[in-house]
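Trainee: got a structure for you, letters missing:
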């Protein structure tokens with residue numbers, strides 16, 4: 001079964017992250033498939049709106065760490081950056097239904113989407129610094145722009161999680177919906193958008209996001225350069241090893257070795 005499933009209903013393209021046994025943790029191959037689907041959707045006149053959601057009990061647990069360590073992104077093009085470019089450049093509205101865990105990419109990609117409906121169970125987690133890496137998907141600009149600098153610092157530097165209600169208060173999500181109804185609500189909004197005049201809708205989104213799109217693109221380019229350095233650092237090796245072996249990282253020993 002495909003780990004990224006795309007189905008069209010009328011003018012709505014429903015895209016599902018479909019690896020529920022791993023909480024939809026994303027592999028390099030999944031990023032590539034998702035990017036290809038979105039790139040085709042951008043050119044397909046039959047697609048007016050994209051609806052993104054996850055299978056099982058979570059939206060996504062972020063990167064699959066085993067796959068990530070085997071395929072660490074470099075400073076240039078990569079499957080995750082291809083997804084970012086496809087989402088940030090899409091002229092058609094993107095509606096997202098989030099439930100359960102939304103880790104890393106599961107949170108940062110939301111700043112490039114247009115409507116985000118969160119289930120009451122949703123938890124938004126950005127553990128980049130804890131893993132000795134840096135934010136991605138343009139979130140170093142996008143999150144401060146959406147929730148404010150101090151709240152973004154809590155999320156990106158401190159790694160403080162947000163529950164659904166707090167995410168709504170800060171403007172990260174459009175609305176909070178009971179778990180059983182979140183996909184239905186997102187689908188209703190996507191269908192309502194799909195009924196609107198297509199060219200006017202695209203033009204309206206372009207005007208709304210003209211500055212944000214450019215700033216997100218610039219931030220993502222800077223992030224990926226720093227990310228490529230951080231992910232190969234001794235700190236990151238210690239952080240990932242600690243995570244995989246379920247122990248506390250010991251960054252002090254790295255300082256001791258350096259001195």
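Mentor: Nice, I can see it. This structure is a prediction, so every number in the text was calculated from the model and none was measured.
Trainee: Quick one: residues contacting residue 110.
Mentor: Counting by CB atoms under 8 Å, 6 or more residues apart in numbering, residue 110 touches 96, 98, 102, 116, 172-173. Where you see a C-beta, it was placed from the backbone N, CA and C, and this is true even at glycine.
Trainee: most surrounded residue in these?
Mentor: residue 102 (34 neighbours; other CB atoms under 10 Å).
Trainee: and that one, which of the three is it?
Mentor: strand (DSSP: H, G, I helix; E, B strand; the rest coil).
Trainee: Surely it and residue 53 touch.
Mentor: No - Residue 102 lies out of contact with residue 53 (CB atoms under 8 Å); the separation is 11.1 Å.
Trainee: Common neighbours of these two, please.
Mentor: residue 59.
Trainee: And the residue lying closest to residue 91 once chain neighbours are set aside, how far from residue 208?
Mentor: Using CB to CB, 6 or more residues apart in numbering and skipping residues adjacent in sequence, the residue nearest residue 91 is residue 202, 4.5 Å away. Distance from residue 202 to residue 208, counting by CB to CB, to the nearest Å: 11 Å.
Trainee: more neighbours, the two?
Mentor: Set residue 202 next to residue 208 and count neighbours by other CB under 10 Å: residue 202 wins out with 15 against 11.
Trainee: Check which helix or strand that one maps to.
Mentor: Using DSSP states H and E, residue 202 sits within helix 198-208.
Trainee: C-terminal to that helix, what's the next element?
Mentor: Counting by DSSP H and E, what follows helix 198-208 is helix 210-230.
Trainee: ok, residue 81 touching residue 225?
Mentor: No - applying CB under 8 Å, one finds residue 81 not in contact with residue 225, separated by 11.0 Å.
Trainee: Which residue of these two possesses the greater neighbour count?
Mentor: The neighbour comparison of residue 81 against residue 225 (other CB under 10 Å) goes to residue 81, with 21 against 14.
Trainee: re the thing from before, determine which two of the contacts of residue 110 are furthest apart.
Mentor: 96 and 172 (11.0 Å; CB to CB).
Trainee: which neighbours do the two share?
Mentor: With CB under 8 Å, 6+ apart, residue 96 and residue 172 have common neighbours 110, 116.
Trainee: now stretch 233-252, how far from the centre of its chain.
Mentor: Relative to the centre of its chain, stretch 233-252 is centred 24 Å away, using CA atoms, centre = their mean, to the nearest Å.
Trainee: returning to that earlier point: run through who's touching the helix holding residue 202.
Mentor: 11, 48, 91-93, 114, 193.
Trainee: quick one: pLDDT of residue 64?
Mentor: As predicted, residue 64 sits at a pLDDT of 95.
Trainee: Which residue ranges of the stretch 51-200 of the chain form strands?
Mentor: Using DSSP state E, counting those that start in this stretch, the strands of the stretch 51-200 of the chain run over residues 94-98, 101-103, 115-119, 123-125, 162-163, 175-177.
Trainee: What is the third one packed up against?
Mentor: For strand 115-119, the packing partners by 3 or more CB pairs under 8 Å, 6 or more residues apart in numbering; DSSP states H and E come out as strand 94-98, helix 164-170, strand 175-177, helix 182-194.
Trainee: so of the ones you listed, which one's packed in deepest?
Mentor: When the helices and strands packed on strand 115-119 are scored by mean count of other CB atoms under 10 Å, the highest mean neighbour count falls to strand 94-98 (a mean of 27).
Trainee: which other helices and strands contact that strand?
Mentor: strand 49-54, strand 115-119, helix 182-194.
Trainee: quick one, which of these is nearest to residue 75?
Mentor: Short answer: strand 49-54, nearest of the helices and strands packed on strand 94-98 by CB to CB, at 27.2 Å.
Trainee: what angle separates the closest one from helix 198-208?
Mentor: 70 degrees (axes from the mean of the first three to the mean of the last three CA atoms, to 10 degrees).
Trainee: which other residues reach strand 49-54?
Mentor: Contacts for strand 49-54 (CB under 8 Å, 6+ apart): 11-17, 20, 24, 38, 41, 59-60, 90, 92-100, 113, 183, 186-187, 190-191, 193-194.
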